[in-house]
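Enquirer: Coordinates only, no sequence provided:
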Ligand code: AMP
Ligand code: MG
């Protein structure tokens, strides 16, 4: 819903705003560059995430709509903020780029949330920064809505992700393949520090910078490690572990990030950068949606391996912190990165067991059982989300098999799998109610389906109709509930609705 037009420019001093800290802005100059958002032509607020705003200490009843619009479109910045663009490097599709940085994003500052955690408030699409190179620093409406929908959906699914606090139109146009409405998304993150932020320091041989950065990350994300015998080694270990768990969660909801470059991987363990990302409809291990991923580097099944590759780049960057003796540092770092595979596998299998309704983790053969299901789903072009959701009811009542069978082009393939599954369930003694509830809590009914996101974007871009966008955001905030009146949003795409390619739209 469009709530207000705003034209304020400059500085905001509203009593409803939380205090903005200047922590990253206070790091040494080589970490960041000061910049201000470009004044938008005719800003218009599309949406504010009221629940998140409250969590962050915004008192919306004490902020004028015109001030909110100004804040979330870049027309004005809070009086106590000192916006900066963050410097980082990154491997993009395997090629190292030593200087990237926030080219179309601006960290306004940090606020302390209700739980006492610092959170970054960042505008994305608010105009050029010193790191923009040839880019215009702007974002088009489509990618802004996509990021809003998908990041919020990930959060509601229980998967660590950056959040969306607001979306606004700037009133400017941006030039891509076509002329598009410009927009800004306000992103909230535990921090915006990436693998590439470490690489930026390492590429400059800046050991002092590495140390300052690592200390900052420990203080902010891993405070317990400050007293560890080797805090930096423990830090690498902790980041690897969080990423192993994160990627396992992605795999379990069929999420394909699409552009897992090292500059798009956080050290906090939050999913970041929802560019060409997409969810699987029919299960396919080799699925790629992103138009720029021509080699399929970031295909669904490659994600764990590529995450580990990225973490090896982080380990390389951190070597000087790990041990002054390079050989010893390599040995220690290597062991940690190698450990990712086992951690991922453990997290993945635990999650997949839960998805098929199993509690007892001590039984051999579950990996084969899960694999057999995925193989049958791939052959039968079964919809990933719908199949697992339908399994919930089938687990406690074979009469509910029909809904699962309907997902397979050859339903007999499911029958063949279900026989040993039922045997295994019978050994895994739990009450039906408990099993059903546990399965429904890990197998969502609703995911952000690509065809629905496209539909919402087309309506917004062509007709300024935000109805489907609003509806998607609302429904996806409760993905594990059936919401029968929203059943159309749980449907797989018809053949003519299928989205084959996604674009990052930068
Ligand atoms: P991304 O693909 O979003 O991860 O962005 C990769 C790099 O390109 C980052 O350094 C971005 O800041 C930069 N970038 C992307 N789009 C733009 C743009 N429109 N203007 C300036 N820089 C951009
Ligand atoms: Mg990025």
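Expert: Received it, and whenever you're ready, just let me know what you need. Keep in mind that what you see is a predicted model, and the values were worked out from it rather than measured. Ligands and ions are numbered 1, 2, ... in the order given.
Enquirer: ok, which stretches of the stretch 201-350 of the chain are helices?
Expert: Along the stretch 201-350 of the chain, the segments classed as helices by DSSP state H, counting those that start in this stretch run 207-221, 231-253, 303-322, 326-355.
Enquirer: Get me the contact residues on the protein for ligand 2.
Expert: Counting by Cβ under 5 Å from the ion, the residues of the chain close to ligand 2 are 264, 273. Every C-beta, even on glycine, is put in place using the N, C-alpha and C of the backbone.
Enquirer: Identify the residue nearest the geometric centre of the chain.
Expert: residue 271 (3.1 Å; Cα atoms, centre = their mean).
Enquirer: any idea how far it lies from residue 151?
Expert: Relative to residue 151, residue 271 is positioned 7 Å away (Cβ to Cβ, to the nearest Å).
Enquirer: any residues in contact with both of the two?
Expert: Counting by Cβ atoms under 8 Å, 6 or more residues apart in numbering, the shared contacts of residue 271 and residue 151 are 161, 162.
Enquirer: returning to what we had before: tabulate the helices of the stretch 201-350 of the chain (CSV), appending distance to residue 486, mean neighbour count and mean pLDDT.
Expert: Converted to CSV, the helices of the stretch 201-350 of the chain look like this (distance: least, Cβ to Cβ, whole Å; neighbours: other Cβ atoms under 10 Å; pLDDT from 0 to 100):
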stretch, distance to residue 486, mean neighbour count, mean pLDDT
helix 207-221, 36, 18, 98
helix 231-253, 18, 22, 98
helix 303-322, 29, 21, 98
helix 326-355, 22, 17, 98
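Enquirer: In this protein, where's the longest strand?
Expert: Under DSSP state E, the strand in the chain containing the largest number of residues is strand 163-175.
Enquirer: Name the strands paired with that strand and say parallel or antiparallel.
Expert: Taking DSSP bridges as the criterion, strand 163-175 sits next to strand 44-48 (antiparallel), strand 179-189 (antiparallel) in its sheet.
Enquirer: is ligand 1 contacted by the last one?
Expert: This means strand 179-189. No - with Cβ under 6 Å from any ligand atom as the measure, strand 179-189 is seen stopping short of ligand 1, the closest distance being 10.3 Å.
Enquirer: Tell me how far the worst-scoring helix or strand of the chain on mean pLDDT lies from the chain's centre.
Expert: Taking mean pLDDT, DSSP states H and E as the measure, the chain has strand 10-12 as its least confident helix or strand, at a mean of 93. A distance of 31 Å separates the C-alpha centroid of strand 10-12 from that of its chain, computed with Cα atoms, centre = their mean, to the nearest Å.
Enquirer: same for it, what does it pack against?
Expert: helix 65-73, strand 76-78 (3 or more Cβ pairs under 8 Å, 6 or more residues apart in numbering; DSSP states H and E).
Enquirer: mind listing what that strand pairs with, with the direction of each?
Expert: Within its sheet, and counting by DSSP bridges, strand 10-12 is paired with strand 76-78 (parallel).
Enquirer: Following element in sequence after the partner strand, please.
Expert: strand 84-86 (DSSP states H and E).
Enquirer: Looks to me like residue 130 is in a strand.
Expert: No - remark: residue 130 does not belong to a strand; assigned using DSSP: H, G, I helix; E, B strand; the rest coil, it is coil.
Enquirer: Pull the contacting residues for it.
Expert: In this structure, residue 130 makes contact with 33, 35, 85, 101, judged by Cβ under 8 Å, 6+ apart.
Enquirer: is it true that the second one touches residue 82?
Expert: No - the pair formed by residue 35 and residue 82 falls short of the contact definition of Cβ atoms under 8 Å, at 10.3 Å.
Enquirer: Tell me what the closest residue to residue 129 other than its chain neighbours is bridged to.
Expert: Spatial nearest neighbour of residue 129, chain neighbours left out: residue 85 (3.7 Å); criterion: Cβ to Cβ, 6 or more residues apart in numbering. Counting by DSSP bridges, residue 85 forms beta bridges with residue 33.
Enquirer: any idea how far ligand 2 is from residue 85?
Expert: Here residue 85 is placed at a distance of 12 Å from ligand 2 (Cβ to the ion, to the nearest Å).
Enquirer: From residue 394, how far out is that residue?
Expert: Applying Cβ to Cβ to residue 85 and residue 394 gives a distance of 51 Å.
Enquirer: got it, and residue 350?
Expert: Distance, residue 350 to residue 394, using Cβ to Cβ: 21 Å.
Enquirer: One more: residue 420?
Expert: Using Cβ to Cβ, one gets 14 Å for the distance from residue 420 to residue 394.
Enquirer: What of residue 268?
Expert: From residue 268 across to residue 394, the span is 38 Å (Cβ to Cβ).
Enquirer: In terms of helices and strands, where is the residue nearest to residue 401 when sequence neighbours are not counted?
Expert: With sequence-adjacent residues excluded and distances taken as Cβ to Cβ, 6+ apart, residue 401 is closest to residue 394, at 5.2 Å. Under the criterion of DSSP H and E, residue 394 resides in helix 384-396.
Enquirer: Skip ahead from that helix and say which helix or strand is next.
Expert: As assigned by DSSP H and E, the chain's next helix or strand after helix 384-396 is helix 401-405.
Enquirer: Pull the distance from that following helix to the chain's centre.
Expert: The answer for helix 401-405 is 32 Å, by Cα atoms, centre = their mean.
Enquirer: Kindly report the same for stretch 122-133.
Expert: On the basis of Cα atoms, centre = their mean, the separation between the geometric centre of stretch 122-133 and that of its chain is 20 Å.
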